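J.: Sequence and predicted structure below; questions after.
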Amino acid sequence: MDDIGKKQVEEDKKGRKKRNLAKRFISLIIGLVFGGAIVWYFIPTVPTVGLLHAAGLAQPGQLIWADIIITAIAVAGGTKPIHEFIDGLTAQGDNKKESG
């Protein structure tokens, strides 16, 4: 392959990386908006819809914005971060029960 062909291949790889990054960013933003909207919509009727409230780390009416943001990030991040986050909250809750 000549130099021109190699440059084109390198430019194609860079273009694909940029497109993939843009797609990931757009899907993250959509997930954040969707997750935030779900919590915002359901908080008046189901006060424990967010992750903080569901885990018992906040009472209904407390930390509403933090709950919306954390839940939105979890929805945008997918299932693996959600499971890790819930495991961490469960361990933290167990530690609170043992010490208190």
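T.: Good, I have the coordinates. Note that the structure is predicted; figures quoted are calculated from it, not measured.
J.: residues contacting Ala74?
T.: Ala74 makes contacts with 35, 51, 81-82, 85, as judged by CB atoms under 8 Å, 6 or more residues apart in numbering. (C-beta placed from N, C-alpha, C; glycine too.)
J.: Quick check: mean pLDDT of stretch 63-80?
T.: Averaging pLDDT along stretch 63-80 gives 78.
J.: from the contacts of Ala74, which single one is nearest Gln8?
T.: Pro81 (37.7 Å; CB to CB).
J.: SS state for the closest one?
T.: Going by DSSP: H, G, I helix; E, B strand; the rest coil, the secondary structure assigned to Pro81 is helix.
J.: The residue lying closest to it once chain neighbours are set aside: helix or strand, and which one exactly?
T.: In space, and not counting its chain neighbours, Pro81 is closest to Ala74: 6.4 Å by CB to CB, 6 or more residues apart in numbering. Here Ala74 sits within helix 64-77, counting by DSSP states H and E.
J.: where in the protein is pLDDT low?
T.: Of all residues in the chain, those with pLDDT under 70 make up the ranges 1-4, 47, 97, 99-100.
J.: Can you pull up the most central residue in it?
T.: Nearest to the geometric centre of the chain sits Ile73, at 2.4 Å (CA atoms, centre = their mean).
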